[in-house]
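Visitor: sequence first, predicted model second:
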Amino acid sequence: MKKIRKFVTRGILCFLLYLFLGVCLSYARQPRVSQEYQDAFQPADFYSDTVSCDRACIIEDNEEALELRLRMIAQARERIVLSTFEFRADESGKDILSALMAAAKRGVEVKILAELMKDAKGEILIHTPYVICNDWMYDSFREICKQNPEVSLLTNSAANNGNPFGAADYRMNRDKLLDTGLTLYEYEGGVSYHGKSIVMGEELSAVGSFNMDMRSVYLDTEMMLVIDSREVTA
């Protein structure tokens, strides 16, 4: 019995040490950014003397984010696009659902991101640094690929991924992703790729903070801007 206890204790300690080293060593040495790469970004390119119609808002906390979402839903006139339809039966979840139902009753089209990908005419390109899925997410990819054979996903390779948990999950479940019908492209640029965007057909695209992982779907406060523009998508 003592031997079993020692074996289990050592196993747990080794696992904790593995997690600790994985988190610390991943960021111990960062590759240098080349001068050519730095010269490609000029601060002057991001400034203009003209006034744009675009606006930005800094959101300080989740309560403020909820209020902003409710206001945006109430002001919607044509279409509302969601990045997830998973809501908890708490007060804020009921507030969002009530606002969506009210929008649908006044004639606003309410769709989730997965439905937009299913309806897309043409190639679908997904960029995400991490892919950590549950069964529902695998099934959603499978349904999308069943309706559209041109679905590609670009992500970091296991070796290039700066997130040890994302790298480990991708390495273990890469075949499951391929079984859904996705065409996978792995980034091996040396610096962990962190782009988050989706191109759906010729007119729709989405950019924001949403990763293709369970944390973004169920836990974090993520935002995706869906753009209906042939010029931007091209």
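Guide: That came through fine.

Visitor: CA only for contacts and neighbour counts going forward, please
Guide: Will do.

Visitor: ok, the most centrally placed residue in the chain to residue 180 distance?
Guide: Closest to where the C-alpha atoms of the chain average out (CA atoms, centre = their mean) is residue 211, at 2.0 Å. The gap separating residue 211 from residue 180 is 18 Å, by CA to CA, to the nearest Å.

Visitor: was I right about the residue nearest to the centre of the chain contacting residue 126?
Guide: No. Between residue 211 and residue 126 there is no contact under CA atoms under 8 Å: 10.1 Å.

Visitor: which residues are in contact with each of these two?
Guide: residue 196 (CA atoms under 8 Å, 6 or more residues apart in numbering).

Visitor: where do the strands sit along this protein?
Guide: Under the criterion DSSP state E, the chain contains strands at 79-82, 109-112, 124-127, 131-132, 151-156, 183-187, 197-200, 204-208, 212-213, 224-228.

Visitor: okay, the angle between the longest one and strand 183-187?
Guide: Think strand 151-156. 20 degrees (axes from the mean of the first three to the mean of the last three CA atoms, to 10 degrees).

Visitor: what sits up against strand 151-156?
Guide: By CA under 8 Å, 6+ apart, strand 151-156 touches 123-131, 144-145, 181-188, 192-193.

Visitor: for the least confident helix or strand in the chain by mean pLDDT, C-alpha coordinates in CSV please.
Guide: Lowest on mean pLDDT, DSSP states H and E among the helices and strands of the chain sits helix 113-119, with a mean of 75. In CSV, the C-alpha atoms belonging to helix 113-119 read as follows (Å, rounded to 0.1, in the frame of the first residue of the first chain):
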residue,chain,number,x,y,z
LEU,A,113,-21.9,32.0,-36.4
ALA,A,114,-22.0,28.3,-37.2
GLU,A,115,-25.2,28.8,-39.2
LEU,A,116,-23.5,31.5,-41.3
MET,A,117,-20.7,29.1,-42.1
LYS,A,118,-23.2,26.4,-43.1
ASP,A,119,-25.0,28.8,-45.4
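
Visitor: report the buried residues of that helix.
Guide: Buried residues in helix 113-119, defined by neighbour count with 16 or more other CA atoms under 10 Å: 113, 114, 116, 117, 118.

Visitor: with stretch 138-148 instead?
Guide: Buried residues in stretch 138-148, counted by 16+ other CA under 10 Å: 138, 140, 141, 142, 143, 144, 145, 148.

Visitor: apart from its chain neighbours, what residue comes closest to residue 95?
Guide: In space, and not counting its chain neighbours, residue 95 is closest to residue 70: 7.8 Å by CA to CA, 6 or more residues apart in numbering.
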